[in-house]
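*Asks:* my questions are about this predicted structure, shown below with the sequence.
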Amino acid sequence: MKSFFTLILVVFSIQIGLAQDNKQKDNKNTTQTRTVDSTQIKKDSTVKGIIIDATTKKPLENVNIVNLNQVIGTATNNKGEFELRAVANDTLHLSYLGFKSVKVKVTNDWVNKIEKSTITLTELALALEEVVVSELKLTGYLEVDIKQINVNNNYRYSISGLSTGYEAGKKQPNAINKVLGSIFNPLDFLYNTFSKKGRELHKLKKMKEDDNIRNTLVKRFDRDMLTALLGVTKVDLDEIVSQCNYSAEFINTANDLQILDAISECYEEYKVLSRTRKKRL
């Protein structure tokens with residue numbers, strides 16, 4: 001009789017153990033499923049919105065929206081609507097010609113919200129304080145008149161063995177010396193320029209790969225989107241391009257895409273030279 005009760009207790013203990021194991025496995029599988037689901041939601045999450053004029057309350061078409069964290073962009077349709085991939089705490093940069101650019105923080109409530117959030121942009125008050133018109137006094141002689149026209153005095157120097165050209169302003173001996181000094185000491189000026197901004201400048205490749213961002217930059221000259229994406233001021237941006245041996249005239253006349261390509265090319269040179277220097281050390 002005693003042996004019978006002992007057998008029952010053993011069987012009962014085994015059943016309890018198996019039940020606990022199955023429960024733990026079920027909990028583990030549930031946790032894994034939730035993790036996968038949350039990862040998928042995070043990857044595919046988007047925000048929707050409508051951008052309107054703060055004064056007229058009318059929708060704005062072709063407003064540029066860029067996710068500064070993921071370096072992707074889009075634009076509003078003819079109804080002022082947009083949808084862009086984003087997660088909580090991402091920052092969206094909104095810009096439109098003639099309007100003040102704004103940065104909008106993505107919140108948890110906004111992500112995957114069915115309703116579109118309304119965002120207003122304020123028009124800039126632009127006024128020309130003074131316009132100076134320089135009159136050209138033409139003589140009728142081509143050789144004389146052509147000298148009155150301003151021409152681009154910047155020159156791009158190419159040196160055998162180097163795939164990159166260098167722009168150094170006017171064609172003068174000191175300009176050539178400036179180019180040669182930059183070439184023979186390339187890492188010094190590049191390192192000082194890029195070493196403190198490496199994290200932001202890693203976005204250059206992503207910026208060049210996004211068609212929407214590239215198509216937007218080719219039409220812009222205000223450097224607004226570039227400074228927002230790279231996390232630098234306009235002064236810093238001009239300094240970077242200047243340190244890469246591009247002339248002041250190029251900086252003043254180039255569109256934002258040309259500036260992006262110039263910085264990107266210079267940054268790639270810096271990375272190659274930096275790796276070479278480390279190997280030598």
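*Replies:* Great, that's in hand. Numbers count the residues shown, from 1 in each chain.
*Asks:* only C-alpha atoms for contact and neighbour calcs from this point on.
*Replies:* Fine.
*Asks:* tell me the SS of the nearest residue to K116 once chain neighbours are set aside?
*Replies:* Nearest residue to K116 in three dimensions, chain neighbours excluded: G49, at 4.4 Å (CA to CA, 6 or more residues apart in numbering). The three-state assignment at G49 reads strand, by DSSP: H, G, I helix; E, B strand; the rest coil.
*Asks:* so G49 sits right up against T118, yeah?
*Replies:* Yes - between G49 and T118 there is a contact under CA atoms under 8 Å: 5.7 Å.
*Asks:* which one's more surrounded, the two?
*Replies:* Comparing G49 with T118 by other CA atoms under 10 Å, the one with more neighbours is G49, at 19 against 13.
*Asks:* list the beta-bridge partners for that one.
*Replies:* Judged by DSSP bridges, the bridge partners of G49 are F82, S117.
*Asks:* quick check: the gap between it and V104.
*Replies:* Distance, G49 to V104, using CA to CA, to the nearest Å: 11 Å.
*Asks:* what does N255 give?
*Replies:* Separation of N255 from V104 (CA to CA): 25 Å.
*Asks:* looking at these two now, which is surrounded by more residues?
*Replies:* N255 (17 against 14).
*Asks:* for the stretch 151-281 of the chain, which segments count as helices?
*Replies:* Taking DSSP state H, counting those that start in this stretch as the test, the helices found in the stretch 151-281 of the chain are 173-184, 186-194, 198-201, 204-209, 211-217, 224-230, 234-243, 248-253, 256-280.
*Asks:* so which of those helices gets nearest G73?
*Replies:* G73 lies closest, by CA to CA, to one member of the helices of the stretch 151-281 of the chain: helix 211-217, at 5.8 Å.
*Asks:* can I get the helices of the stretch 151-281 of the chain in JSON lines with mean neighbour count?
*Replies:* Below are those laid out as JSON lines (neighbours: other CA atoms under 10 Å):
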{"stretch": "helix 173-184", "mean neighbour count": "14"}
{"stretch": "helix 186-194", "mean neighbour count": "17"}
{"stretch": "helix 198-201", "mean neighbour count": "14"}
{"stretch": "helix 204-209", "mean neighbour count": "17"}
{"stretch": "helix 211-217", "mean neighbour count": "18"}
{"stretch": "helix 224-230", "mean neighbour count": "19"}
{"stretch": "helix 234-243", "mean neighbour count": "17"}
{"stretch": "helix 248-253", "mean neighbour count": "14"}
{"stretch": "helix 256-280", "mean neighbour count": "16"}
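*Asks:* rank those helices by pLDDT, which is bottom?
*Replies:* If you rank the helices of the stretch 151-281 of the chain by mean pLDDT, helix 173-184 sits at the bottom with a mean of 48.
*Asks:* neighbours of the nearest residue to V102 once chain neighbours are set aside, how many?
*Replies:* In this structure, V102 finds its nearest non-sequential neighbour in L94, 5.3 Å apart by CA to CA, 6+ apart. Using other CA under 10 Å, L94 has 23 other residues around it.
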